[in-house]
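**Q** Sequence plus the predicted model coming up.
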Amino acid sequence: MKNSINIDDSTISILMHQLNSNSNSIAVNAARSLGILGFHATKAIPQLIVASIAKNIELRGQACASVGRIATNPIIAVPALANALKDEQTSVRRYAAAALVEYGSEVNTVVDQLITSLDDPDDYVREFIISSVKNLECTLLEVKQSIKERQYDGNYFVRTAAKRILKRCDIDSKVA
């Protein structure tokens with residue numbers, strides 16, 4: 001027998017209401033649950049975006065992660081996630097960068113922020129940003145140059161991701 005999720009609107013509505021709870025753990029778990037529901041929770045994206053700028057660090061990060069898991073509305077989600085790349089907390093920036101990977105070529109609209117984030121002090125943020133640009137048009141000159149510079153990054157995984165993208169896009173890996 002095939003497993004399936006039977007979700008009705010009332011479940012989504014309850015979880016959306018719980019995002020505004022005074023209890024941080026309830027709000028964080030609601031955000032996490034909405035992400036687990038994936039595309040079933042599409043209508044929660046605007047509220048998750050609001051949660052991505054909440055005072056609670058864990059809620060901000062989980063809201064970004066869930067937006068990435070739902071991944072259905074790039075027009076609203078991608079700019080909000082790009083904005084979260086500026087968050088003071090590394091964990092939030094990581095979640096936002098990882099979530100952007102799910103949006104593929106839709107990240108074209110935030111190329112400037114992605115390029116800026118390639119200089120993030122956190123290795124994981126840089127690696128996730130490189131992974132998110134893998135779906136961009138290979139002809140974007142600004143992205144090419146930034147990725148070329150990352151092939152000499154101090155972190156092995158960032159270097160490897162950069163070299164993989166350069167090879168996939170058939171870009172000369174020598175910096176000009």
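**A** That came through, no problem. Numbers count the residues shown, from 1 in each chain.
**Q** from here on, contacts and neighbour counts on C-alpha atoms
**A** OK.
**Q** Report how many residues lie close to residue 105.
**A** 16 (other C-alpha atoms under 10 Å).
**Q** Give me the pLDDT for it.
**A** Looking at residue 105, its pLDDT is 70.
**Q** all helices for this protein, in order.
**A** Taking DSSP state H as the test, the helices found in the chain are 9-18, 24-37, 45-51, 57-70, 74-84, 90-101, 111-117, 123-133, 141-150, 156-168.
**Q** Give me whichever of those is most buried.
**A** Mean neighbours per residue, mean count of other C-alpha atoms under 10 Å, is largest over the helices of the chain for helix 57-70, with a mean of 27.
**Q** As a markdown table, the helices of the chain with mean pLDDT would be great.
**A** What follows is these, written out as a markdown table (pLDDT from 0 to 100):
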| stretch | mean pLDDT |
| --- | --- |
| helix 9-18 | 92 |
| helix 24-37 | 96 |
| helix 45-51 | 94 |
| helix 57-70 | 94 |
| helix 74-84 | 89 |
| helix 90-101 | 90 |
| helix 111-117 | 83 |
| helix 123-133 | 85 |
| helix 141-150 | 78 |
| helix 156-168 | 85 |
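**Q** That's all I had, so thanks and see you.
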